[in-house]
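*Asks:* Pasting the sequence and the predicted coordinates here, then a few questions.
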Amino acid sequence: MEALSLGGDEACALAERVRAHIADGHLQLGTHWFYTTSLFYFQLPDDLRTELAALDFVFVKGDANYRRLLGDAHWLPTASFEQATLFSHRRS
């Protein structure tokens, strides 16, 4: 958050909004040992699967996480994200 605060007026305003959402409990930041592994999301441990299923929204960023969500497989350009992630989930 500190780096964002140093990014100019708009970035600083965003940092303050994020801080406020964290303070009032509307935004939660979390970590789990799974995130530092090379496991795919269809291999989620039960405790993390339960935790994520209870949330309204989960923000996952980055190419590595995108590949992990899709099982790092090649999909047709016409395949929807939902199709790919459901297929990957069924592989577990």
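*Replies:* Cool, the structure landed.

*Asks:* Please identify the buried residues of the longest helix along the chain?
*Replies:* As assigned by DSSP state H, the longest helix anywhere in the chain is helix 9-23. For helix 9-23, burial by neighbour count (16 or more other Cβ atoms under 10 Å) applies to A15. (C-beta placed from N, C-alpha, C; glycine too.)

*Asks:* ok, L86 to G71 distance?
*Replies:* As judged by Cβ to Cβ, to the nearest Å, L86 and G71 stand 11 Å apart.

*Asks:* Can you list the residue ranges for helices in this structure?
*Replies:* Going by DSSP H, the chain shows helices at 2-5, 9-23, 46-53, 63-69, 81-90.

*Asks:* what would those helices look like in TSV with distance to T31 and mean pLDDT?
*Replies:* Below are those laid out as TSV (distance: least, Cβ to Cβ, whole Å; pLDDT from 0 to 100):
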stretch	distance to T31	mean pLDDT
helix 2-5	18	82
helix 9-23	14	93
helix 46-53	10	92
helix 63-69	13	86
helix 81-90	22	69
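
*Asks:* re the thing from before, ok, and what's touching the longest helix of the chain?
*Replies:* M1, L4, S5, L6, G7, L27, Q28, L29 (Cβ atoms under 8 Å, 6 or more residues apart in numbering).

*Asks:* Point to the residue nearest the middle of the protein.
*Replies:* In the chain, the C-alpha nearest the mean C-alpha coordinate belongs to V60, at 1.8 Å (Cα atoms, centre = their mean).

*Asks:* before we move on, the earlier item: of L86 and G71, which one has the most company?
*Replies:* G71 (18 against 11; other Cβ atoms under 10 Å).

*Asks:* right, and that one touches L39 too?
*Replies:* No. Applying Cβ atoms under 8 Å, one finds G71 not in contact with L39, separated by 10.8 Å.

*Asks:* What are the phi and psi values at S38?
*Replies:* S38 adopts backbone torsions of phi -100, psi 10, taken as degrees, to the nearest 10.

*Asks:* if I pick it, what's in contact with it?
*Replies:* S38 touches nothing, counting by Cβ under 8 Å, 6+ apart.

*Asks:* Fine by me, thanks again.
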